[in-house]
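> okay, here's the prediction I keep looking at, along with the sequence it came from:
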Amino acid sequence: MSGRRVDAKVVLLGQEGVGKSSLVERCAHRRFRPGPYQNTIGAAFVAKVMSVGEQTVTLGIWDTAGSERYEAMSRIYYRGARAAIVCYDLTDSSSFQRAKFWVNELQNCEEGCRIYLCGTKSDLLEEDRRKRGVDFHDVQDYAEEIKADLFETSSKTGQSVDELFQKVAEDYVHFSAFQVMTGERAGPLPPPAPSAQPGGIRAPREGAEDKRCRVSMELRARGCPAELWSRHGILVPTGARLSTLAQLGHR
Ligand SMILES: Nc1nc2c(ncn2[C@@H]2O[C@H](COP(=O)(O)OP(=O)(O)O)[C@@H](O)[C@H]2O)c(=O)[nH]1
Ligand SMILES: [Mg+2]
């Protein structure tokens, strides 16, 4: 694996024992070993090559091994991450509270990082529904609120593990395409251009917001998932923006 270029840094976060190392093991080696993985000092790293359409993406996956209890340590791992898989154990409600802690951390410290909520050990619920400790609809509401994707996985059976990492890779490719087309880095939308005039009519000169809108429409026309745009606040155009688009001939 040495020498391979990593396209996107992906971190796994979550309470100790929720199954982060098992998730990486399933994703990277398609196997499950019962019993906790040896906690190492520092983080374990795995590179996973994924295909998205005709493109190849290498995800550099960091398992925050042994650092769950040492918050300052994990901060080093998620710095610069493009995606964070925040794990909680579906049978353990306290692990979901801990997941919320990590989400807050990411929201405060890593704005450009996409969040994927991952409820682990779904096979235990197959065995006995009463084991569920985290209500699906509660998490769904929360995921919507924080604009995260939600997966329920089992590293034991493999359920939804490939889907999770595939989604991470796809989102990375689609969002990178967006950044290349706009020539912009990930981040919040800039404030409205000072040229905006009362009544939502603006001079036809294309500003940063217009450019984002135009690119989002182009990408949407190419079949990229709609939720990508809403997540980044692009598909909520104001009247001013739409009128500019009309002037640009993109409606
Ligand atoms: N039944 C079941 N057990 C799991 C699953 N994933 C992890 N485990 C178990 O949960 C424990 C903790 O897993 P580990 O991957 O070491 O958790 P980590 O501390 O978050 O890295 C181990 O005993 C695993 O075998 C799963 O999908 N199903
Ligand atoms: Mg571990």
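Yep, that arrived. Ligands and ions are numbered 1, 2, ... in the order given.

> shaky segments in the protein?
Counting by pLDDT under 70, the chain has low-confidence residues at 1-4, 36-43, 65-74, 178-251.

> please enumerate the helices of it.
20-29, 71-78, 93-109, 122-127, 136-146, 161-182, 208-221, 226-231, 239-248 (DSSP state H).

> near ligand 1, anything from the first one?
Yes - applying CB under 6 Å from any ligand atom, one finds helix 20-29 in contact with ligand 1 at K20, S21, S22. Using the backbone N, CA and C atoms, a C-beta is placed for each residue, glycine as well.

> I'd say the first one and T64 touch.
Translated: K20. Yes - shown here, K20 and T64 form a contact pair, counting by CB atoms under 8 Å, at 6.9 Å.

> what touches both of those two?
Common contacts of K20 and T64, defined by CB atoms under 8 Å, 6 or more residues apart in numbering, comprise L12, L13.

> counting neighbours, go ahead and name the busier of the two.
Using other CB atoms under 10 Å as the criterion, K20 and T64 rank with K20 on top: 28 against 25.

> measure the more buried one to ligand 2 for me?
5 Å (CB to the ion, to the nearest Å).

> try V139
Distance of V139 to ligand 2, computed by CB to the ion: 22 Å.

> burial of that residue, as a residue count?
19.

> just checking, it touches L150?
Yes - contact criterion CB under 8 Å: V139 and L150 qualify, at 6.1 Å.

> where do the contact lists of the two overlap?
By CB under 8 Å, 6+ apart, the residues touching both V139 and L150 are L117, G119.

> neighbours around whatever residue of the chain ends up closest to ligand 2, how many?
Relative to ligand 2, the nearest point of the chain is S21 (3.3 Å; CB to the ion). Residues lying near S21 (other CB under 10 Å) number 23.

> kindly report the same for the one 5 residues further on.
Counted with other CB under 10 Å, the neighbours of R26 add up to 24.

> again with C113
By other CB under 10 Å, the residues close to C113 number 19.

> please apply the same query to Y142.
Neighbour number of Y142 under other CB under 10 Å is 17.

> what do you get for E163?
Neighbours of E163 using other CB under 10 Å come to 12.

> find the nearest non-adjacent residue to it, please.
The shortest distance from E163 to any non-neighbouring residue, by CB to CB, 6 or more residues apart in numbering, is to F151 (6.7 Å).

> pull the number of nearby residues for the one you found.
F151 has 22 nearby residues by other CB under 10 Å.

> that one bridge partners, please.
Taking DSSP bridges as the rule, F151 bridges to C118.

> for it, which residues are in contact?
Y116, L117, C118, G119, S160, E163, L164, K167.

> how is this structure carved up into domains?
What automatic domain parsing lists as the domains of the chain is 8-172, 186-245.

> for Y78, give me its contacts.
Counting by CB under 8 Å, 6+ apart, Y78 has contacts V11, L13, T64, A84, E105, L106, C109, E110, C113.

> just the buried members of those?
V11, L13, T64, A84, E105, L106, E110, C113 (16 or more other CB atoms under 10 Å).

> OK, contacts around the last one?
In other words, C113. So C113 contacts Y78, A81, R82, A83, A84, L106 (CB under 8 Å, 6+ apart).

> with distance to ligand 1 added, can I get those in JSON lines?
What follows is the contacts of C113, written out as JSON lines (distance: CB to the nearest ligand atom, whole Å):
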{"residue": "Y78", "distance to ligand 1": "15"}
{"residue": "A81", "distance to ligand 1": "17"}
{"residue": "R82", "distance to ligand 1": "21"}
{"residue": "A83", "distance to ligand 1": "17"}
{"residue": "A84", "distance to ligand 1": "14"}
{"residue": "L106", "distance to ligand 1": "17"}
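
> in those, find the pair that's most separated.
Pairwise distances among these were taken by CB to CB; the largest, 11.5 Å, belongs to R82 and L106.

> understood, closing this out.
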